[in-house]
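Novice: take a look and give me a structure for this.
(2 chains)
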Number of protein chains: 2
Amino acid sequence: MKTVGTFEEAQELAVGSVGLVPTMGFLHEGHLSLIDAASDDNDCVVVSLFVNPLQFNEPSDLAAYPRDIDRDTALARSAGADVLFVPDVETMYPIEPRTNVVVRGVSEGMEGTHRPGHFVGVATVVAKLLAGLQPGNAYFGRKDAQQLAVVRTMTVDLSLPVQIHGMSTVRESDGLAVASRNVRIAKHERPSAVGLSQALFAAGDAFEAGERSGGVLREIVMTKLGTVPMVDIEYVEVARARDASIVDRVGETAFIGLAARIGGVRLIDNVFLDPETERADRGVQLDGPSILYGEF
Amino acid sequence: MKTVGTFEEAQELAVGSVGLVPTMGFLHEGHLSLIDAASDDNDCVVVSLFVNPLQFNEPSDLAAYPRDIDRDTALARSAGADVLFVPDVETMYPIEPRTNVVVRGVSEGMEGTHRPGHFVGVATVVAKLLAGLQPGNAYFGRKDAQQLAVVRTMTVDLSLPVQIHGMSTVRESDGLAVASRNVRIAKHERPSAVGLSQALFAAGDAFEAGERSGGVLREIVMTKLGTVPMVDIEYVEVARARDASIVDRVGETAFIGLAARIGGVRLIDNVFLDPETERADRGVQLDGPSILYGEF
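Specialist: Numbers count the residues shown, from 1 in each chain, chains lettered A, B, ... in the order given. All right, here's what the predicted structure looks like:
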């Protein structure tokens, strides 16, 4: 694996079919599953690592974002990355950036409501990575379901010649969706955090038992969450996977998603619902604690 | 030359270094000079022809836009194009487009003020053509000076691996900048239309004589225009070429540009001012009437 800092260097090393895994670093099993999928599909796997200032709406969030390049380098290499693309801010923004990629509709509601401007930052930096690195495939987690819809829509709208792959959520052995911020959850709050995934799983069970009403599925989650202490719910919604629009009935692939604050930590999670296979994608559960909790 | 309708077909034919000339069709010597420059620099010249509904703010403008594919095909071929890319609306917009590429600042003022939404349409469709066709070079006319600044900024901001070339304006033998809408200028209004370029040339003369004040250069144009009948001026501005910001002094390459209505026809024109060479780029004057006025 080679670490490079410019688009030109990355392009030079990226031969054959190229799979891109865009990350903001501090890798965990969720990212590693994307790198793994990219390795299966492509000759060359490029992992990008850039903490994009544009997609943080709170400066304190940006400052607090964990960074450890040595750790990420070792993890990316061991997972099968061929190129680690770590641009500095000057490479990404040689001039004061003035261009916003705005995905109307898909960016609105849910995360769009609670993190104003977030998806403009995401869509703009992903467009930039896709335009500058020209991968044939790019890999994103289903955990960020609305982001996945934003990215899919953007790539079609801009005719970017890339296939977007949405991969199943990776979970801790207790069900909590793996996210780097999980380490900030206090021990006594952990059962509440786990309660989020349990509530979504209950909706997944109902879906697999035939329930298709968005309202009923949402109600199942709300009722479950009502029994979980210390949870401050931001939203619970059933939305169509391809454009993140709220739906009354699950007629095509959808997700039931939520955001909630537990203590000072904002968590999101979802379960994908596929009416064709009649299966809920609850993600993949790890056997033991993720690498966020110790040596790797 | 081959005519194709999809990005995939165009990509397949575009081998070696690729130069793109994006057009809305109804080609004239301005476009042909871009195709000519592209032929000099590249192995393969792709001319795109798409009347983009998104960049018309008035539906009547879109409906009135002249279309003649047989004429354009013959002209593109004779000018040296290798591929004519003529996508239909379904190819360009397979799903209802939701993505806007917004170039803040550069898109504001001048054309941005008088044609609201215009540059969002332009930036979005150009981003799409550049992302989907992946040319190494793309050619635009200096006549649309602000558009050129918008496109340059957008390509840097999105890391599109393309070099943008701004080519000199082509003019009728009387000085009027060639534009397809010129055919709608009534005979008795023609001297007024020519008066626009004469006013800009006067500012160009002053610039070459050493004048660097934006205010003075602007005043020269305004004074000249004061003597031209039937001119309804929208703006006269001196702006920096790279970001279209209004300047008090010409310290780096700038343009003095204007928009005016003569009868029912809206015309724009400009002269580029380069303080390094101390020359004004008045464009290239044709010997006789352009192909817009008769057989070609």
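Novice: against which helices or strands is whichever strand or helix holds A:V221 packed?
Specialist: Secondary structure from DSSP states H and E places A:V221 in helix A:214-226. Counting contacts by 3 or more CB pairs under 8 Å, 6 or more residues apart in numbering or on different chains; DSSP states H and E, helix A:214-226 is packed against helix A:190-208, strand A:231-240, strand A:254-262. For glycine as for every other residue, the C-beta is placed from the backbone atoms N, C-alpha and C.
Novice: B:N57 is nearest to which of the ones you listed?
Specialist: strand A:231-240 (31.0 Å; CB to CB).
Novice: mind giving me the domain ranges of chain A?
Specialist: Structural domains assigned to chain A are A:2-167, A:174-293, following automatic domain parsing.
Novice: list the contacts of A:R279.
Specialist: A:E208 (CB atoms under 8 Å, 6 or more residues apart in numbering or on different chains).
Novice: kindly report the same for the one 10 residues further on.
Specialist: Under the criterion of CB under 8 Å, 6+ apart, the contact partners of A:P289 comprise A:E172, A:S173.
Novice: which residue, neighbours along the chain excluded, lies closest to A:G288?
Specialist: Closest residue in space to A:G288, ignoring its immediate chain neighbours: A:S173 at 6.0 Å, by CB to CB, 6 or more residues apart in numbering or on different chains.
Novice: likewise A:G175?
Specialist: Nearest non-adjacent residue to A:G175, counting by CB to CB, 6+ apart: A:S197, 4.0 Å away.
Novice: is chain B within reach of stretch A:248-266?
Specialist: No. Applying CB under 8 Å from any CB of the partner chain, one finds stretch A:248-266 separated from chain B by no less than 13.8 Å.
Novice: close to chain B: what parts of the stretch 1-150 of chain A are there?
Specialist: The stretch 1-150 of chain A has residues A:7, A:11, A:92-95, A:97-106, A:123-124, A:127-132, A:134 near chain B, with proximity defined as CB under 8 Å from any CB.
Novice: and the residues you listed, which of them are buried?
Specialist: Those of these that meet the buried threshold are A:7, A:11, A:92-93, A:97-103, A:105-106, A:123-124, A:127-132, A:134, by 16 or more other CB atoms under 10 Å in any protein chain shown.
Novice: before we move on, the earlier item: in JSON lines: the helices and strands packed on helix A:214-226, plus mean neighbour count, distance to B:L20 and mean pLDDT.
Specialist: Compiled in JSON lines, the helices and strands packed on helix A:214-226 are given as follows (neighbours: other CB atoms under 10 Å in any protein chain shown; distance: least, CB to CB, whole Å; pLDDT from 0 to 100):
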{"stretch": "helix A:190-208", "mean neighbour count": "21", "distance to B:L20": "47", "mean pLDDT": "98"}
{"stretch": "strand A:231-240", "mean neighbour count": "19", "distance to B:L20": "35", "mean pLDDT": "98"}
{"stretch": "strand A:254-262", "mean neighbour count": "24", "distance to B:L20": "38", "mean pLDDT": "98"}
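Novice: can I get the worst-scoring helix or strand of chain A on mean pLDDT as CSV, trimmed to CA atoms?
Specialist: None of the helices or strands of chain A scores lower by mean pLDDT, DSSP states H and E than helix A:59-64, at a mean of 82. Output of helix A:59-64 as CSV, limited to C-alpha atoms (Å, rounded to 0.1, in the frame of the first residue of the first chain):
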residue,chain,number,x,y,z
PRO,A,59,-16.7,23.7,14.6
SER,A,60,-16.4,21.9,17.9
ASP,A,61,-17.5,18.7,16.2
LEU,A,62,-14.7,19.2,13.6
ALA,A,63,-12.1,19.9,16.3
ALA,A,64,-13.2,16.9,18.3
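Novice: flag the shaky bits of chain A, pLDDT-wise.
Specialist: For chain A, the stretches with pLDDT under 70 are A:295-296.
Novice: strands of that one, start to end?
Specialist: Here chain A has its strands, by DSSP state E, at A:2-4, A:18-23, A:44-49, A:83-85, A:99-103, A:137-141, A:163-167, A:170-171, A:231-240, A:254-262, A:265-274, A:279-281, A:284-285.
Novice: need those in CSV with distance to B:R115, can you?
Specialist: Putting the strands of chain A into CSV (distance: least, CB to CB, whole Å) gives the following:
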stretch, distance to B:R115
strand A:2-4, 42
strand A:18-23, 35
strand A:44-49, 37
strand A:83-85, 38
strand A:99-103, 19
strand A:137-141, 35
strand A:163-167, 34
strand A:170-171, 49
strand A:231-240, 35
strand A:254-262, 40
strand A:265-274, 40
strand A:279-281, 46
strand A:284-285, 51
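Novice: before we move on, the earlier item: could you quantify the relative orientation of the helix holding A:V221 and strand A:231-240 as an angle?
Specialist: Put simply, helix A:214-226 runs at 160 degrees to strand A:231-240, going by axes from the mean of the first three to the mean of the last three CA atoms, to 10 degrees.
Novice: list the buried ones in helix A:214-226?
Specialist: By 16+ other CB under 10 Å, the buried positions in helix A:214-226 come out as A:G214, A:L217, A:R218, A:I220, A:V221, A:K224, A:L225.
Novice: just give me the closest of those residues to B:R115.
Specialist: For the buried residues of helix A:214-226, the nearest to B:R115 is A:G214 (41.6 Å; CB to CB).
Novice: what's across from A:I246 in the sheet?
Specialist: Beta bridges link A:I246 to A:A239, judged by DSSP bridges.
Novice: can you tell me how far the closest residue to A:L258 other than its chain neighbours is from B:A79?
Specialist: Nearest residue to A:L258 in three dimensions, chain neighbours excluded: A:V236, at 4.4 Å (CB to CB, 6+ apart). Distance, A:V236 to B:A79, by CB to CB, to the nearest Å: 59 Å.
Novice: do A:V101 as well
Specialist: A:V101 sits 33 Å away from B:A79, taking CB to CB as the criterion.
Novice: can you check A:Q146 too?
Specialist: When A:Q146 is compared with B:A79 (using CB to CB), they lie 46 Å apart.
Novice: neighbour count for these two, which is higher?
Specialist: When A:Q146 and B:A79 are compared for neighbours, A:Q146 comes out ahead with 28 against 21, by other CB atoms under 10 Å in any protein chain shown.
Novice: which non-adjacent residue is nearest A:G215?
Specialist: A:D248 is the one closest to A:G215 (CB to CB, 6+ apart), at 6.7 Å.
Novice: again with A:R98
Specialist: Among residues not flanking A:R98 along the chain, B:R104 sits closest, at 4.6 Å (CB to CB, 6+ apart).
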